[in-house]
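**Q** next input, structure requested:
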Amino acid sequence: MDSLQFSDDEIQDVSDFFKVFGDPTRLRLLILLGEKGEMDVSSIASSLSMSRSAISQQLKVLRSSRLVKFRKDGKNAIYRLSDDHIHSILSLGIEHYEEML
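**A** Now for the predicted structure:
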């Protein structure tokens with residue numbers, strides 16, 4: 001990886017991407033979706049012992065960062081990780097942390 005190949009804008013975009021992972025609530029949410037696959041807002045809120053509105057706010061950030069996607073099931077939105085890359089990044093981060101213990 002040669003950082004000289006990337007423009008300042010590209011470096012900023014990648015930095016912003018990793019900042020999203022820096023919030024503990026968003027990280028818990030991403031790990032949960034990585035483990036469960038798909039979940040609706042109520043299930044996520046219940047699993048994380050948080051309000052639906054707090055979860056919805058975090059999901060908005062994750063959607064705008066393209067880390068999660070959703071599909072409609074009637075009136076419910078069902079969320080999942082946007083792709084296998086996000087799952088891989090989470091897995092590598094957790095694996096690295098466990099190796100450091």
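
**Q** okay, CA-based contacts and neighbour counts for the rest of this
**A** Will do.

**Q** give me the pLDDT for the spatially most central residue of the chain.
**A** Nearest to the geometric centre of the chain sits L30, at 3.9 Å (C-alpha atoms, centre = their mean). Note for L30: predicted pLDDT of 97.

**Q** tell me which residues in stretch 70-79 are buried?
**A** Buried residues in stretch 70-79, counted by 16 or more other C-alpha atoms under 10 Å: F70, A77, I78, Y79.

**Q** what's the pLDDT at D9?
**A** At D9, pLDDT is 94.

**Q** so which helix or strand takes in it?
**A** Element membership for D9 (DSSP states H and E) is helix 8-21.

**Q** after that helix, next one along is what?
**A** Next along the chain after helix 8-21, taking DSSP H and E as the criterion, comes helix 24-36.

**Q** packing partners of that following helix?
**A** On a contact count with 3 or more C-alpha pairs under 8 Å, 6 or more residues apart in numbering; DSSP states H and E, helix 24-36 meets helix 41-48, helix 52-64, strand 76-81, helix 84-100.
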